[in-house]
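I would like to see how this sequence folds:
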Amino acid sequence: MTIFITGATGYLGSYLVRDLLLGSQERLALLIRASSVEEAQRRLWRALQIHLDFEQFLELNARRLDIYLGDLTQPDLGLSESDLARVIATTSSIIHCAASLNRKSATTCFNVNLRGTLHTIKLARAINEDHGLRRFSYISTAAAAGKRQDELVPEPDMIDWNRSDYDPYARTKKFGEYMVRELLTTVPVTIFRPSTILGDSSRPPTTQFDMVRAFALFAKMSFLPFKNNIRLDIVPVDYVSKAILTIHQKEKPSFDDYNISSGPASLTYKEIVASVARGSKGHSKIFIPALEKPFRSLIRALTHTPRKWQINRMATIMSVFLPYIYYNTVFDNHHIVAELGESPTPFNVYAAQLLGFALEHKFRYPYQPWPEN
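Numbering: from 1, shown residues only. Presented below is the predicted three-dimensional model:
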């Protein structure tokens, strides 16, 4: 039987696919948005080349992967009638990882994160009616906990419908959790809520640079407009992938939801900046909390500057990033630590190497093209 995966060409999705290909014998069915099989293969190669060379990719692709052309936002996930029948007949479990992280567009988040999740739920119900579905794993986010201030949020208290949300992404993921629980009552469901995923603790290369850009900027600043004891809940992507796949493949997990986070061990911003500065030869830092409001106003203003100034992109990244600093909130992780028997690697252990890679490659991953021969 087969694990059906959405979001395989995303950053986290590529790790899930890599770890399953190299660490299990399961066959994988990947839903990829493309107009042709060739385009889907090229998209998948672009996502997986951070993990595999081209020969490995071709060999594993031919032996272990089924690629389905589709679209989360379309009925039946945009699958053809024959593909839909095949997926229903062969799927044993589902990992729903696909999501829009567009924190500014409510429309995009609604279409992908809500309609897409609903269509995936309907597929899960059809599989369950056909022969039973072993597990449905939904990748949510710790941001679904809503706006918090100076808290360590226990896992049982993560969802509070009386709290406002950070942004459209957090709002739609929270409601996605609700739909999964309400509509898959006869299927084993597991909810995973990663905190801020940043880098790989085992090696420097990354394909995701937005957050790294923000840290690089702060590493260069002498004056920082926040308190030095604010904690940031950062978790490496390799730990997140291991956590999800360990629980997804377990016969009877101990819990039905898991915060994949650094939890009580989250580092303060002073500790993080010190480690990042080592990789960028930054100066010593002076924290001035009184500058918070002027700094946030400046960032908001810079997001509206002309693109030709090349300032608005960084300002937009910062406007998304800042709330997660100022709320000083971390998420209890005792469920996943109890299951795995290990905590995630602290960010300061690998931050300098991550930033070094980003600076060396000018915040671009050196993608290799599809070999034309």
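
The stretch 251-373 of the chain: helices as residue ranges?
Counting by DSSP state H, counting those that start in this stretch, the segments of the stretch 251-373 of the chain that form helices are 269-280, 292-302, 312-326, 334-340, 347-360.

how far away is residue 157 from residue 339?
For residue 157, the distance to residue 339 under the criterion C-beta to C-beta, to the nearest Å works out to 20 Å. Where you see a C-beta, it was placed from the backbone N, CA and C, and this is true even at glycine.

Among those two, which residue is more densely surrounded?
Neighbours were counted for residue 157 and for residue 339 using other C-beta atoms under 10 Å; residue 339 has more, 16 against 11.

mind checking how far that one is from residue 144?
When C-beta to C-beta is the yardstick, residue 339 and residue 144 sit 20 Å from each other.

now do residue 265
Per C-beta to C-beta, residue 265 is found 21 Å from residue 144.

Looking at the two, which is more packed in?
residue 144 (24 against 14).

nearest spatial neighbour of the more buried one, skipping sequence neighbours?
If the residues on either side of it in the chain are set aside, residue 144 comes closest to residue 174, at 3.9 Å by C-beta to C-beta, 6 or more residues apart in numbering.

isn't the one you found right next to residue 147, touching?
No. The pair residue 174 and residue 147 fails to qualify as a contact (C-beta atoms under 8 Å) at a distance of 11.8 Å.

The residue nearest to residue 144 sits in which helix or strand?
helix 168-183 (DSSP states H and E).

Can you check what angle separates the helix or strand just after that helix from helix 168-183?
If you walk from helix 168-183 toward the C-terminus, the next helix or strand you reach (DSSP H and E) is strand 189-194. An angle of 160 degrees separates the directions of strand 189-194 and helix 168-183 when computed by axes from the mean of the first three to the mean of the last three C-alpha atoms, to 10 degrees.

Can you give the strand pairings for strand 189-194, parallel or anti for each?
Strand 189-194 has its sheet partners listed here by DSSP bridges as strand 135-139 (parallel), strand 257-260 (parallel).

still on that earlier bit, any shared contact partners between residue 174 and residue 147?
residue 165 (C-beta atoms under 8 Å, 6 or more residues apart in numbering).

my read: residue 116 touches residue 70, true?
No. Judged on C-beta under 8 Å, residue 116 makes no contact with residue 70 at a distance of 10.3 Å.

Which one of the two is surrounded by more residues?
The residue with more neighbours, out of residue 116 and residue 70 and counting by other C-beta under 10 Å, is residue 116; that gives 26 against 23.

Now that one: closest residue in space that isn't a chain neighbour?
Excluding the flanking residues, the one nearest residue 116 by C-beta to C-beta, 6+ apart is residue 72, at 3.1 Å.

Enumerate every residue touching that neighbour.
Shown here is residue 72, whose contacts under the criterion C-beta under 8 Å, 6+ apart are 6, 31, 33, 78, 98, 112, 115-116, 119-120.

what bits of the protein have low per-residue confidence?
277-284 (pLDDT under 70).

just to revisit the earlier point, with the contacts of residue 72 in mind, which one is nearest to residue 274?
When the contacts of residue 72 are ranked by distance to residue 274 (C-beta to C-beta), residue 98 comes first, at 36.1 Å.

which SSE is that closest one in?
Secondary structure here is read from DSSP H and E; on that basis residue 98 sits in neither a helix nor a strand.

show me what contacts it?
For residue 98, the residues meeting the contact criterion (C-beta under 8 Å, 6+ apart) are 6-7, 10, 13, 31, 72, 112, 116.

In helices, which of those residues fall?
Assignment to helices by DSSP state H places the following of the contacts of residue 98 there: 13, 116.

could the contacts of residue 98 go into a markdown table alongside distance to residue 249?
Putting the contacts of residue 98 into a markdown table (distance: C-beta to C-beta, whole Å) gives the following:
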| residue | distance to residue 249 |
| --- | --- |
| 6 | 17 |
| 7 | 18 |
| 10 | 20 |
| 13 | 17 |
| 31 | 20 |
| 72 | 24 |
| 112 | 26 |
| 116 | 24 |
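
Buried only: go through the contacts of residue 98 for me.
Buried residues within the contacts of residue 98, defined by neighbour count using 16 or more other C-beta atoms under 10 Å: 6-7, 10, 13, 31, 72, 112, 116.

So which of these sit within strands?
With strands taken from DSSP state E, the overlap with the buried ones among the contacts of residue 98 comprises 6, 31.

Look up how far residue 235 lies from the residue in the chain sticking out farthest from the centre.
With distances taken from the mean C-alpha point of the chain and given as C-alpha atoms, centre = their mean, the most distant residue is residue 373, at 34.0 Å. Noted for residue 373: a distance of 40 Å to residue 235, by C-beta to C-beta.

chain center to stretch 11-30, what's the gap?
15 Å (C-alpha atoms, centre = their mean, to the nearest Å).

ok, residues contacting that stretch?
The set of residues external to stretch 11-30 that reach it, using C-beta under 8 Å, 6+ apart, is 1-8, 44, 47-48, 50-52, 60, 64-68, 87, 90-91, 95, 97-98, 139, 194, 197, 207-208, 237-238, 240-242, 244-245, 249.
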